[in-house]
Each structure stands twice: as C-alpha cells, then as structure tokens.
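[1] task: produce atomic coordinates for the following.
(2 chains)
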Amino acid sequence: MKLTLHVWRQKNAQDQGRMVRYEVPGVNEHMSFLEMLDVLNEGLIEKGEDPIAFDHDCREGICGMCGFMINGKAHGGFKGTTVCQLHMRHFKDGDELYLEPWRAAAFPVVKDLVVNRSSFDRIIAVGGFISVPTGSAPDGNAIPVQKQDADLAMDAAACIGCGACIAACPNAAAALFVSAKISHLAHLPQGQAERDRRALAMVRQMNREGFANCTNIGECEAACPKQISLEVIAQANADYIKAAFTERPETVSGGVG
Amino acid sequence: MELISNVPAGPIEKSWETHKFGLKLVNPANKRKFTIIMVGTGLAGGSAAASLGELGYRVDCFCFQDSPRRAHSIAAQGGINAAKNYHNDGDSVYRLFYDTVKGGDFRSREANVYRLAQVSVNIIDQCVAQGVPFAREYGGLLDNRSFGGAQVSRTFYARGQTGQQLLLGAYQALERQVGLGSVKMYPRTEMLDLIVIDGHARGIVTRSLNDGKVSVHFGDAVVLATGGYGNVFYLSTNAKGSNATAIWRAYKRGALFANPCFTQIHPTCIPVSGDYQSKLTLMSESLRNDGRIWVPKSAGDKRNPASIPEDQRDYYLERRYPSFGNLVPRDIASRAAKAVCDEGRGVGETGLGVFLDFSDALKRLGAQKIAERYGNLFEMYERITGEDPYKVPMRIFPATHYTMGGLWVDYNLMSTIPGLFVLGEANFSDHGANRLGASALMQGLADGYFIVPYTIGSYLANTKHEKYSEDAPAVQEAVANANAITRKLLNASGKRTVDSYHRELGKILWEYSGMSRNAAGLKKAAGMVAELREDYWRNVRVLGSNEEFNQSLEKASRVADFFELGELMCTDALQRNESCGGHFREEYQTPDGEALRDDANYAYVAAWQFRGAGRPASLTKEPLVFNYVKPSQRSYK
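    Okay, here's the model as predicted:
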C-alpha cells in the first residue's frame, strides 16, 4: 500500500517546526508502524535528507520510550497498543496520516517527534518509592498481601511512563501517571509508612513541573496503552486530600542519646 | 597474562562469607569522598547505583535512554529464580547451584554460581519490601511457577512483566537516591571511551546524545552494567539501542573479553516476516508447558495446518526427547527447530518456522483456562502477526536472545583493569555456555544489590587515589580517540546507510556463527566481516553533524564496534573445538546429533586480549575446576 505522511519536523528546541509531507510507497501490512518509518528514513538518507527522529527502544510495548500522535491520537488510538506494536494492517492504501510529538509544556520537543520527559523522573524522585535500603528487608513471606490487593497494585504498576496520558489530555495533566504510582504503592502493606508523604510530595512536584490539573475527562484512560483505569486517580485524590488535611510540620526534636 | 580469579579457598558454602570478612571496609564518613561511575541502569546498574548511593558514595550514573527506567531488563517476561523452597519441593541453594552449573554445560565458575544461588533468596526479600507486586496465592503468600531445566518450582513472577516490575523497583530506589543527592543521573548520555591512568580505570569519556557535547567524568572506580551484545546479529530480542560500545571500548583499553562465542538463541520467537524487520519478539518459554511443537512429516508440505492429519505431523521434540519433550533446554530446542527447517519442513511463507500448537491443550483445558495462563502472550502474538492462536497454531522460530560471554571478571566482579567492575549480562561469569530461564534477572540483581557494594569498597580502601586534571595525556588521548571516531564516520560521506551494513553483518554472523558453526564457515565469516568493515569506513553515509541530536551517528558508532566484536566471536568459536551449550560445532557431535563436549581440552574460559588494530587478539585461558558438580553428558532423552 501507499501512504501519505505529514510529519512534524523541528530541528531542535529553539526551532519553530513545521509539517512536512512524505509519500511512502511499498508499505507491507506486516510491518510495524516504526518499521514503516525506518523504511522511509532509509530512503531519506539515500536521498541525502535528514531522517525523522523518533524515540523507540524495546519495540515490544514495554519500555515506554516510543510514542507520538497519529491523526491526533496518542499511539494511533488502538486499544492497548503502543506505536511500536501497531502494525500496518490497520491502515489502507491511500491513507493520509499526521504525525506529531506529544504536546505539553512539561514535555519540550528535543527534535521532530522526540520530547523530553525528564519531569517524570523528577516526580518519582520526590516520593515514588518505598524507602528500603538494600539488605534491610524481612523475609518475602513475612509480609502477606491479599491476592486482590496484589492484583490491583500490579494493574497500576503496569504503567510504562510513555506520556500518552499527558498527550491525550486536553489539560496536559499528569494525573494518571502520578496516580498510578501512588495507587500501586498504596495497595501494598509495604507502602503504608510513607503513604501520606508520597501523595503530597508527588502531587506538589507534578504541579511544579507545569502539568495542569485533572478535570476528570478520561481521555488518559482511553489513550493508555496499558489500560490503566481512572480509578487510580480517584484513589490518589483521596490519599492526597487526607494527607493534606492531616499534614504536620516535621519535628526535629530528639537530640543526642 | 595470568588470570587470577580470587576465588577463596575452602568449602564453597563458606566462600562468600569468608571472602566478605576479608574485604577491607571504607569508613562511613569517608565514603562520600569517593565517586563511582556507573554506566547502564538496568537491573544490575540500577540496583548497584541505588545501593552504592545508600552506602554514602557519590555516584555518577549514565544511560543512553531518556530515562533510567527504559533499560532493556524491562522486557523480561517470565520470572526470577530463587532458592526459597517456599513450596517444600526439595529446592535448596545447592540445587539451584547444581542446576545452573549443569544448565551452563559446565563452562562457568563454580564459586560464582554458588554465591549467586546463595544471594538469590535476599533478592526476593528486597524486591518484596520495595513493593514489587509479585504474584500471590489466596493466602497472601508468594506464588511460584516452573521453568526449563529445573524440577522444582522456584520462579517468582509478576504476570508476564517480571522484568518490568523488578526494574521499576530498582529504578525507584535509584530515583530516591537522586532525590537525596547521592546519585547524579545523566540520561541520553553514551560512554565512548574508558580513561585508564597508571593502569587503573579512572573515568570515562561521554557524548551527550542531545547536543553531541563530549565530556570527561572522573571516578575512583568505573562500573559497566551495559548489558549484552546480541544486537551484533542485527535481528535479536534485544532493544534497538542495546549495544556493546562500552564493553568493547573497555576491551580496547585492556579489559579481557571472555567467551564471546557463547550466545543464546531462544527457541520461541515470532519468525521474521520481511526485509524491513527491525527486531524479533520473544514468546515466553512458559508456552512450551502446554503448546506442542511440530512440523509436517514431508518436506514442502504447505497445507493449512488444520488439514494435515495427525499421522503426517512430526512432533519432533517429543519424538527425539521423550522424557523432557517440549520442555528441553533452550539450546536443544533451537537446534532441533533449525534441523527440521534445514530439511525443508519449515512452515510459513519463508519456511523458517515451526508450529507451536495449543489445540490439544484447548480441548483438554478449555479456552478460558488457556487465556488465564497465556492471555497476554496470545494477544501480543495476534497483534504482531494478525493470526489468532486460539484458532491456528502459532508459528515460532529461534532468535538471538542473550549473550553469556562478556568482559572477564574475577570473584570481585573486577575486570583485568583494576578499578573497572562489570555487572550483569555485560560480564561472563555465571551462565557458562547456556543460561537457564529466569536466571538473568537473578544475576543482574545479585551483582548490583549484593555483590559489588561489598567488593568495590575493598578496592577503594586498598587503592591510593590522586586527583587528575583533564590535561593529563591519557585523558586527552581518550577524548581525541572519541572525537576521531565521530569525525571519521561523519566524513566517510559514502552511499550506504548504517542499517544496511548492520543487517548484512547480522546475516553473515547468523549464517556462519549462529545456531551451528563449523571451521570452514567460521573462517569464511571472519573474512567476510573484515571485508565488510573495511567497506563500512569508506562507504557509510551518516548525515548531519556531531553537535545535534543525531540518531544515525549514534548507530554508526555502535555498529563500528559490532564489526570488530563479530570478528572476535568467529575467532573464539573457531578455537573452541568442541560443542557445549549454545556453541554447537558441527564437527563435534554425538552419533545422534547432540553437543559433544571435550572436558580434557576445553574446560576453560577463553579470555581475549586486544593487541592493537589489525593484530590478532591473544588468548589467555582460565582453567575451570569442578570440585562439586562433576561434568557429565547432558541428556534430556
């Protein structure tokens, strides 16, 4: 099949950027979307033109590195599918596709379809963890976890940090990403000691990074390639509100013993 | 050169305990005076950076991806082994040790493997405490499943995403240290050279992938945890970015490279569909529990599988290995698939595929039970191939998956360059000639959480540290070397793309140095690779400049190293005149086609030393002694 692509080309963060049209003949239905771009890029290099930059790594839908908008939909809008696992059999001859990077103030464009998502790392660094230095853990079976809790924790922990939720959200809110981590750890007994601190710190960092507020539209859930449920946002909101009302300044008393 | 493994004397059960006690310690207040450079943030690098940061060291940590959470450990599906014996089924540290040495076809170092089995139990505890959502039973306790090469249930798992969950645990611990200021993270930064001063590793030269800026980073020790080199074959189950540049450039600075020809070809991957193919996708080994592998009995039978009657099918694994059947180890299953395809009995358009058929299991257990066990894998298969495995048999074919070879390390995980430590898949030490399923995650986390944090302290405490300036000749030379490679690639201004070369290199290695090898083919391949490499430097086309985000340039520099490594793999495979594990030399097989080891002459680690461009590498042997697990012919019949 033959496709027409309109691709966002932007040399670097300072460049204005623009859409450029490309014809891609000879697309095979078994190719992945990224393999189709590989073929286009090989042709561009042979012609001496700058290939299109896009992020990708594992190409099996788990590393979260790839992702861009296809016709306004994150990862192309196919249920539970990242763009690296999207195959060309879903398209037809003559289709015209518009490819754009994730658009969000907190995700500045690096080049073409590549954006900077380091804000995600900074949100995890303020509280998206359980503080357990290496070697200080009790026996694994000393902490029983109800099967249902373990399953719900796993549902939330499946987040791959790709950023599709932000790109799909009209507000560019990071609620689904942040709440998935809060919810994962809140479902486990190991996560209780820092539960309040975690919710407060992560939400505050999210705001500092320039992500807007969630208004419960639900585009994030629809776009999430790991199908993480909006329920996690409800849970994280509850945790945040409770923590905000009961927050106390940290005491430094105690002194030397 | 003599290789000193530093394995402590005495009974193996006490080796690690004794050794740890003998290691010199760094005073807590002094730890912050030391800087450790960590390259790679997968299970090994991420867990090591976090643990070293917790101890109080300053850690500068590098990854080429946009975030440490992307490292390819994340893609591991099946699980992680640990000798917990939670199921009372006879598991023990000794049994895990035994299975791993035997599974590796007696080409690994006993003491390292024993230690790995010992710390496996601590890994599970650590990960549970971090909040890794392992599968649970209704009573709230941890669940286990079985994997190939073992007769006990010792594999812990988190659905089909165990690697992801373990990596996120390590990543979160790492980010905690970033938040506390003990670890500084450099994402989208690639190591281009190792700085060696007075014989010790003292830093690295890096290139920022954002803007091409070349920088020098000094450290009191350098740790490489950069994964395997499976992408030398172009098509593999590795991530597209996985590369050998860090370990290869360390090799060129004097670190010995051990057993480069030991590569693992995984039997159950989705077959290649065309020339545009960019990578191969693994289907978990667990599928072989319920799927039956077969091909038509007669060559060229292209009928729809459903219309091939039972008596015209060859369930070749069940036929050749009646006692293990479809669950033989990976190396054996892969070779058997190649054999039937070579006979012209392969299936699918290309003839390079075999059926993995669930119809019997579907009849026996029903679709719902199968969906519970393998639903996510069936979905992934359908997403990629467009075929529904509930209705038609899967088509699978072997693909490069893991590399057992890597930089040589001693018992302290230190390479032949003092101060250079190597962890995880990047080193050679624990899996011999074949790795068992669910053992890669175990080794990465063992090295990172529980081994290097001890051994690196002793090195730091025993070494005199001076401050160096960037003007030091060794530093200038390393920077100049990194810049020269970049310039040479950009200036070649030839006609062919990097990928087209890489694909051709991969085809040569797959053909002559893949699932089976022979002396004539290996010699031919080494020549072809050398010729292609010459052509590469003259005729490759890399557009753009160094001072920008330039993905072609990144690839070009990595592929340049793959050429040299590919040649060394052929050299290594040629000198090893025996078959063992994943290394199958056609000249050395039993009458019924199984691998024939030669323990009298080849029970050693082959460690290669770089002697300058254009000169053959020199071979040093570390003899392997088996005091506990007596080498025997592996039999799965």
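[2] SS state for the closest residue to chain B within the stretch 1-150 of chain A?
    In the stretch 1-150 of chain A, the residue that lies nearest chain B is A:Pro144 (3.0 Å; C-beta to the nearest C-beta). For the C-beta atoms, the positions are set from N, CA and C on the backbone; glycine is no exception. Here A:Pro144 is recorded as coil under DSSP: H, G, I helix; E, B strand; the rest coil.
[3] so what's it up against?
    Residues near A:Pro144 by C-beta atoms under 8 Å, 6 or more residues apart in numbering or on different chains: B:136, B:139-141.
[4] most neighbours, which of those residues?
    B:Arg136 (20 neighbours; other C-beta atoms under 10 Å in any protein chain shown).
[5] between the contacts of A:Pro144, which is nearest B:Ala49?
    B:Arg136 (29.2 Å; C-beta to C-beta).
[6] gap between the closest one and B:Val101?
    Going from B:Arg136 to B:Val101 by C-beta to C-beta, to the nearest Å gives 31 Å.
[7] next: B:Glu2.
    24 Å.
[8] neighbour count for the two, which is higher?
    Remark: of B:Glu2 and B:Val101, B:Val101 carries more neighbours, 26 against 5, as counted by other C-beta under 10 Å.
[9] re the thing from before, among the contacts of A:Pro144, which two are most distant?
    The widest separation within the contacts of A:Pro144 (C-beta to C-beta) is 8.1 Å, between B:Arg136 and B:Gly139.
[10] who are the contact partners of the residue of chain B found nearest chain A?
    When distances are taken as C-beta to the nearest C-beta, chain B reaches nearest to chain A at B:Gly140, 3.0 Å away. Counting by C-beta under 8 Å, 6+ apart, B:Gly140 touches A:144-147.
[11] next one: B:Ala472
    Counted by C-beta under 8 Å, 6+ apart, B:Ala472 has contacts B:Ile197.
[12] about what we covered before: can you say which of the contacts of B:Gly140 are buried?
    A:145, A:147 (16 or more other C-beta atoms under 10 Å in any protein chain shown).
[13] doesn't B:Gly432 make contact with B:Gln443?
    No: if you go by C-beta atoms under 8 Å, B:Gln443 and B:Gly432 don't touch, sitting 12.0 Å apart.
[14] hmm, back to that, tabulate the contacts of B:Gly140 (TSV), appending pLDDT.
    TSV is the format used below for the contacts of B:Gly140 (pLDDT from 0 to 100):
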residue	pLDDT
A:Pro144	97
A:Val145	97
A:Gln146	96
A:Lys147	94
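[15] was I right about B:Lys495 contacting B:Arg538?
    No: taking contacts as C-beta under 8 Å, B:Lys495 lies outside contact range of B:Arg538: 9.9 Å.
[16] contacting residues around the helix or strand of chain B with the lowest mean pLDDT?
    Taking mean pLDDT, DSSP states H and E as the measure, chain B has helix B:367-385 as its least confident helix or strand, at a mean of 88. The set of residues external to helix B:367-385 that reach it, using C-beta under 8 Å, 6+ apart, is A:30, A:32, A:60-61, A:80-81, A:85, A:87, B:77, B:159-160, B:270, B:273, B:281, B:283-284, B:286-287, B:289-290, B:358, B:361-362, B:387-390, B:394-395.
[17] mind giving me the PyMOL command for buried ones among those?
    Remark: buried members of the contacts of helix B:367-385, expressed as a PyMOL selection using 16+ other C-beta under 10 Å:
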select buried, (chain A and resi 30+32+60+61+81+85+87) or (chain B and resi 77+159+160+270+273+281+283+284+286+287+289+290+358+361+362+389+394+395)
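[18] can you tell me which of the contacts of helix B:367-385 are in helices?
    B:361-362 (DSSP state H).
[19] show only the entries of the contacts of helix B:367-385 found in strands.
    Secondary structure assignment by DSSP state E places B:394-395 of those in strands.
[20] about what we covered before: and for the residue of chain B closest to chain A, nearest residue in space, chain neighbours not counted?
    Nearest residue to B:Gly140, sequence neighbours excluded (C-beta to C-beta, 6 or more residues apart in numbering or on different chains): A:Pro144, at 3.0 Å.
[21] so where do the helices sit in the stretch 1-150 of chain B?
    Here the stretch 1-150 of chain B has its helices, by DSSP state H, counting those that start in this stretch, at B:15-22, B:28-31, B:43-55, B:93-103, B:110-130.
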